[in-house]
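1. fold the following and give me the result.
(one chain, ligands or ions: 1)
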Amino acid sequence: MIRFSRYVRILAIPSVLLLLFSGCSSWIGEPENPADPIPNIVFVLTDDQRADAVGFSRRPLLGIETPHIDRLAAEGARFDNMFVTTSLCSPSRASFLSGLYAHAHGVTNNFTDYPVDLPSLPRQLQGAGFQTAYIGKWHMGEGDDRKRPGFDYWVTHAGQGQYYDTTFNVNGVRRVVRGYYTDRVTDLAIEWLSQRGSERPFLLILGHKAPHGPFVPEKKYRTVYDSLPVPYPASAFDLEGKPDWIAERLATWHGIYGPLYGFRKAFPDERPEAVSDFERFVRSYTATINSVDDSVGRIHAALAERGVLDRTIFVFSSDNGFLLGEHGMIDKRTMHEESIRVPLVVRYPARIEAGTRITEQVLSIDLAPSLLELAGAPPLPRIHGASWVRLLEGRNEDWRTSWHYAYDYEKQFPYTPNVRGVRTAEWKYVHYPHGDGGPDRHRAEAYNLSADPGERVNLVDDPKAAHQVARLAALLEQHLVETGSLPDPMPLDEGIKGELPDESIR
Ligand SMILES: [Ca+2]
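-> Purely as a prediction, here's the structure:
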């Protein structure tokens, strides 16, 4: 068992680290309960997995079964209201690692790398003596697969990678890793666990490509949903009262009548029978998650075999959600529920009672501070996120009751305007700034989520909701002030366009 005092002794502590320790008295000396070992952390991060794409969801997508992820939830805590503060890969990943909103960490698009001098969860743990590894999809800084600060061991690839036979940088050696991505990164993670050659506690982040498009399920799952009809959701035909850009998006790369990431060859196609392309699209998305579940089961077993399962904080989440036809949309980026809700499961029996359910709103920016607290490591300075460890202990007083969301228009993906919105437990207000500081040119949206969880009836111009809309607009402004978001620079909204994104960045 690695105890705290021994653990500190084995470190070659540089002076900067001593300074770090000196600012955090709880980190010096014996922990509260000396019998508690320093935990390891395994963080499994999927790409674009919406919250209902797990078996334990109230209504699992296509009835998907994920027994291994469900088991983590049953043995630990599930968070029923987990959201990302921006629903786009790189910005959201940087928020998970930094505890910051995108405007503060600076990764506001998919082509920007994590700043080399910005504190992060892995750097904080590495500085505290953890052995750290990143294995799998990183996707910050599109063309660069080189090792990033904060990691002792590093396996990734440039850009999106492929479902089969991706060229990885395996800790400094580039090679094609033959086979199915999800399966092979799991092999690499288990190999690292076997060969890491240290008794220090570890952080392992396993980044899956799945279920990111263009979806290619593993062979054994390729037909598993073929007998299930997948109609367009009713909300796709109910766009009255919505801003016009939503209807303009229908036939684009991110709309239900568009090419569906290549699943539809001739487009736009509004014929009812063209739903068959949409069916293959949704089935394929879902089937890639079956392989992720297998991976979770293998990691669970590997930790158990090594006798470290119960002293490992085992986290499962995703960098953003995904619209599958709701409001006529595919993809993410918007502030609709399917886009911003992600699964979050945390297993750590030393501190988390089996079967715990947390219903407060928690955010991507909360993960780093929470894990650092659970690990007894120094907190990240000056962040927006908050540790939810107190929620696990049943203390929810003073927890946030609202939060704000931001997305910046992308020239490379001209299918979503700038988005700024605020969400409470019962209400959501979203508006679409033009980006020039002038008046909005799109209608805003406001939903009473308690009465209308599917966001069907836009109340933004309803006189009966006027006081709520005004209250929410003021609340959004307050959040922007409090998070240091103002002035709020953003790109100019150049409108919804029919052009396809460049093949290299899809
Ligand atoms: Ca993503």
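2. what residues does stretch 475-490 touch?
-> 101, 103-104, 384, 402-404, 406, 408-409, 418, 420-422, 424, 429, 431, 433, 435 (C-beta atoms under 8 Å, 6 or more residues apart in numbering). Heads up, the C-betas are built off the backbone N, CA and C, glycines and all.
3. and stretch 246-264, by the same measure?
-> Contacts for stretch 246-264 (C-beta under 8 Å, 6+ apart): 213-215, 232, 236, 239, 265, 267-270, 274, 277-278, 280-281, 284, 325, 327-331, 333, 413, 415-416, 495-498, 500-501, 506.
4. for PyMOL, what selects the buried ones among these?
-> Entered in PyMOL, the line below selects the buried ones among those, by 16 or more other C-beta atoms under 10 Å:
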select buried, resi 213+215+232+236+239+267+268+269+274+277+278+280+281+284+325+327+328+329+330+331+333+413+415+416+496
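5. got the contact list for the closest residue to the ion within the chain?
-> Going by C-beta to the ion, the ion is nearest to Cys89 of the chain, at 3.5 Å. Cys89 is in contact with Asp47, Asp48, Asn110, His139, His212, Asp319, Asn320, counting by C-beta under 8 Å, 6+ apart.
6. got a winner among those residues for most neighbours?
-> Asp319 (29 neighbours; other C-beta atoms under 10 Å).
7. only C-alpha atoms, please: export stretch 70-86 in PDB.
-> Provided in PDB are the C-alpha atoms of stretch 70-86 (Å, rounded to 0.1, in the frame of the first residue of the first chain):
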ATOM      1  CA  ASP A  70     -23.900   0.100 -16.200                       C
ATOM      2  CA  ARG A  71     -21.800  -1.900 -13.700                       C
ATOM      3  CA  LEU A  72     -19.500   1.100 -13.100                       C
ATOM      4  CA  ALA A  73     -22.600   3.200 -12.400                       C
ATOM      5  CA  ALA A  74     -24.100   0.500 -10.100                       C
ATOM      6  CA  GLU A  75     -20.800   0.200  -8.200                       C
ATOM      7  CA  GLY A  76     -20.300   4.000  -8.000                       C
ATOM      8  CA  ALA A  77     -22.100   7.200  -8.800                       C
ATOM      9  CA  ARG A  78     -24.000   8.300 -11.900                       C
ATOM     10  CA  PHE A  79     -24.600  11.900 -12.600                       C
ATOM     11  CA  ASP A  80     -28.000  12.400 -14.100                       C
ATOM     12  CA  ASN A  81     -27.500  16.000 -15.100                       C
ATOM     13  CA  MET A  82     -23.900  16.300 -16.500                       C
ATOM     14  CA  PHE A  83     -23.300  18.900 -19.200                       C
ATOM     15  CA  VAL A  84     -20.500  20.300 -21.300                       C
ATOM     16  CA  THR A  85     -20.000  24.000 -21.400                       C
ATOM     17  CA  THR A  86     -19.200  23.900 -25.100                       C
END
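8. now that stretch, how far from the chain's geometric center?
-> Mean-position distance between stretch 70-86 and its chain equals 12 Å (C-alpha atoms, centre = their mean, to the nearest Å).
9. do the same with stretch 79-89
-> 6 Å.
10. and stretch 411-423, what's its mean pLDDT?
-> The average pLDDT for stretch 411-423 rounds to 98.
11. for it, list every residue counted as buried.
-> So, applying 16+ other C-beta under 10 Å, buried residues of stretch 411-423: Phe413, Pro414, Tyr415, Thr416, Pro417, Asn418, Val419, Arg420, Gly421, Val422, Arg423.
12. need the contact list for the third one.
-> Which is Tyr415. Arg249, Thr252, Trp253, His254, Gly255, Asp331, Arg333, Ile496, Lys497.
13. again, only this time at 7 Å
-> Arg249, Thr252, Trp253, His254, Ile496 (C-beta atoms under 7 Å, 6 or more residues apart in numbering).
14. what does the second one give?
-> Under the criterion of C-beta under 7 Å, 6+ apart, the neighbours of Pro414 are Glu494, Gly495, Ile496, Lys497.
15. greatest separation within the residues you listed: which pair is it?
-> The span of these, defined through C-beta to C-beta, is set by Glu494 and Ile496 at 9.1 Å.
16. can you list the residues of the stretch 251-400 of the chain near the ion?
-> Asp319, Asn320 (C-beta under 5 Å from the ion).
17. what ranges do the helices span in the stretch 251-400 of the chain?
-> Assigned by DSSP state H, counting those that start in this stretch, the stretch 251-400 of the chain shows helices spanning 275-305, 337-340, 367-375, 389-392.
18. other SSEs contacting the third one?
-> Helices and strands touching helix 367-375, by 3 or more C-beta pairs under 7 Å, 6 or more residues apart in numbering; DSSP states H and E, are helix 89-98, helix 121-127, helix 389-392.
19. what's the most buried one of those?
-> Highest mean neighbour count among these (mean count of other C-beta atoms under 10 Å): helix 89-98, with a mean of 26.
20. re earlier: can you add secondary structure and give the buried residues of stretch 411-423 back as TSV?
-> Shown next, in TSV, are the buried residues of stretch 411-423 (DSSP: H, G, I helix; E, B strand; the rest coil):
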residue	secondary structure
Phe413	strand
Pro414	coil
Tyr415	coil
Thr416	coil
Pro417	coil
Asn418	coil
Val419	strand
Arg420	strand
Gly421	strand
Val422	strand
Arg423	strand
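21. now the residue nearest to the spatial centre of the chain: phi and psi?
-> Among the residues of the chain, the one closest to the centroid is Asp319, at 1.7 Å (C-alpha atoms, centre = their mean). Backbone geometry at Asp319, expressed as degrees, to the nearest 10, gives phi -80, psi -20.
22. again, but for Asp152
-> The phi/psi pair for Asp152 (degrees, to the nearest 10) reads phi -80, psi -30.
23. if I pick it, what's in contact with it?
-> With the criterion set at C-beta under 7 Å, 6+ apart, Asp152 makes contact with Gln126, Gln131, Thr132, Ala133.
24. which SS class is the third one?
-> What that stands for is Thr132. Under three-state DSSP, Thr132 comes out as strand.
25. burial check on it, number of neighbours?
-> So Thr132, with other C-beta under 10 Å, has 23 neighbours.
26. do the same with the second one
-> Neighbour count of Gln131, defined by other C-beta under 10 Å: 20.
27. so what's it up against?
-> Neighbour list for Gln131: Asp152, Arg196, Ser198, Arg200, Phe202 [criterion: C-beta under 7 Å, 6+ apart].
28. is the third one within a helix or a strand, and which one?
-> It refers to Ser198. Following DSSP states H and E, one finds Ser198 outside all helices and strands.
29. list the contacts for it?
-> Gln131.
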